[in-house]
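S.K.: Output the structure for:
(chains A and B)
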Amino acid sequence: MDHGKLFKVLVIGGAMLGMGCLEESPSPLADSGTALPDASMPSDASVVAPGDDAAIGVDAGGDSDAGELIVCGICPNEECCETDEMGNAATRAGMLCCWGTSC
Amino acid sequence: MLGHLLLTKTDDEVAADIWRVRERTEHEAAALFARLASDMSEAGVPDTLVTLAKRSSDDERTHAGHCRRIVDELSVGHDPLEPDLDIVLGNERTPLRRALYTSVALGCITETLSTALLIEMRPHARLGVLRDGLDAILADEVRHSRLGWAHLAFEAERGEVSWLDASVPAMVRDALAADVPPDAGPGVRDLRALGILARADVKRIFELTFETTIVPGLARFGVRSSA
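M.R.: This next block holds a predicted model:
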């Protein structure tokens, strides 16, 4: 058994769900053999290894230039958000707020 | 006592005894997930997770049905054991803490371990009813484990969770007690084909899963485990 995959599928997969950054999906084991698949449960997201920051590649409406977004939790928070000179808060480039929250 | 009885029973009867205990455990898990859903709702946990907890409760009742079919296939006269449907994990008093304690004990520890054990068990299963049951249960256990990690991630985002540190050893002890089969003594039988891993294998898988998945998972969200 690949315990690295176990970590990704359960811990990282669960964390993404808990942060509202993924929808609950069928179990990745439901249609597979005995091997534990990668944690990229939904087709639009992939997760990184233990210890890394929670980065997910998000298909932003088919825009292939959207790049990787960093999951930065429930907004507003300092990691996700920045305020311009006019006092307007906005999400930092490359960051993704969870649970549909915003800056 | 079970260890003594193991010496005089057939392999199928020994396995039926263990699957009957698993059946009871599934009913108790159904009750725990139902209470978890209620506590989560009261604690302001997002509906996605509350719904998942309710679904998990239904899953566990289905699992009990799988266990019953396996028991009946293996032996006769093994009536269901009476589950403790009032079971509560931990001594937390607020819905938020009670829910999180349950999610971590049940999802992050017990269901994570169960997933690892089921993956190990699955290739050895001989009976059709056993393979079907293991497949169905494994698919659900992954979701139940994720619910635990999801809830912990959510609570770690909105508040302090290090109060769980002191509880991890007790959670681990409970998980071990539930999953490690009785010691059959010398001349240990190989019951893997009947869905029963050897005690030594369970301990090995538990230690590996604990070190590589549970401990780093808990640490990721600020819970230290010294078990």
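
S.K.: could you give me the average pLDDT of whichever helix in chain A runs longest?
M.R.: When chain A is scanned for its longest helix (criterion: DSSP state H), the result is helix A:13-18. The average pLDDT within helix A:13-18 is 86.

S.K.: which residues does residue A:103 contact?
M.R.: Shown in contact with residue A:103 (Cβ atoms under 8 Å, 6 or more residues apart in numbering or on different chains): A:75-76, A:80-82, A:89-91, A:97. For every residue, glycine as well, the C-beta is placed using N, CA and C.

S.K.: about what we covered before: in the longest helix of chain A, which residues are buried?
M.R.: For helix A:13-18, a neighbour-count test (16 or more other Cβ atoms under 10 Å in any protein chain shown) marks A:13-18 as buried.

S.K.: do the same with stretch B:82-93
M.R.: Quick answer for stretch B:82-93 (16+ other Cβ under 10 Å): B:83, B:89-90, B:92.

S.K.: and those residues as JSON lines, adding secondary structure and distance to residue B:121?
M.R.: JSON lines is the format used below for these (DSSP: H, G, I helix; E, B strand; the rest coil; distance: Cβ to Cβ, whole Å):
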{"residue": "B:83", "secondary structure": "coil", "distance to residue B:121": "23"}
{"residue": "B:89", "secondary structure": "coil", "distance to residue B:121": "25"}
{"residue": "B:90", "secondary structure": "coil", "distance to residue B:121": "28"}
{"residue": "B:92", "secondary structure": "coil", "distance to residue B:121": "32"}
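
S.K.: Among those, find me the one that's closest to residue B:73.
M.R.: Among the buried residues of stretch B:82-93, residue B:83 lies closest to residue B:73 (Cβ to Cβ), at 21.0 Å.

S.K.: is chain A contacted by stretch B:142-159?
M.R.: Yes - using Cβ under 8 Å from any Cβ of the partner chain, we find that stretch B:142-159 touches chain A at B:142-143, B:145-154, B:157-158.

S.K.: circling back to that earlier point, okay if I get the buried residues of stretch B:82-93 as a markdown table plus distance to residue B:56 and pLDDT?
M.R.: Below are these laid out as a markdown table (distance: Cβ to Cβ, whole Å; pLDDT from 0 to 100):
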| residue | distance to residue B:56 | pLDDT |
| --- | --- | --- |
| B:83 | 16 | 95 |
| B:89 | 14 | 94 |
| B:90 | 18 | 92 |
| B:92 | 19 | 94 |
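
S.K.: Tell me the one of those nearest residue B:133?
M.R.: Using Cβ to Cβ, the buried residues of stretch B:82-93 come closest to residue B:133 at residue B:83, 18.1 Å.

S.K.: For the closest one, which residues are in contact?
M.R.: Here residue B:83 is in contact with B:24-25, B:27-28, B:31 (Cβ under 8 Å, 6+ apart).

S.K.: try residue B:226
M.R.: B:165, B:168-169.

S.K.: Return the set of buried residues in the one helix or strand residue B:26 maps to.
M.R.: Assigned by DSSP states H and E, residue B:26 belongs to helix B:11-42. Residues of helix B:11-42 classed as buried: B:13-41 (neighbour count, 16+ other Cβ under 10 Å).

S.K.: do the same with stretch B:156-167
M.R.: B:156-157, B:161, B:164, B:167.

S.K.: can you check stretch B:111-124 too?
M.R.: By neighbour count on 16+ other Cβ under 10 Å, the buried set for stretch B:111-124 is B:111-122, B:124.

S.K.: Next, count neighbours for residue B:75.
M.R.: By the criterion of other Cβ atoms under 10 Å in any protein chain shown, residue B:75 has 18 neighbours.
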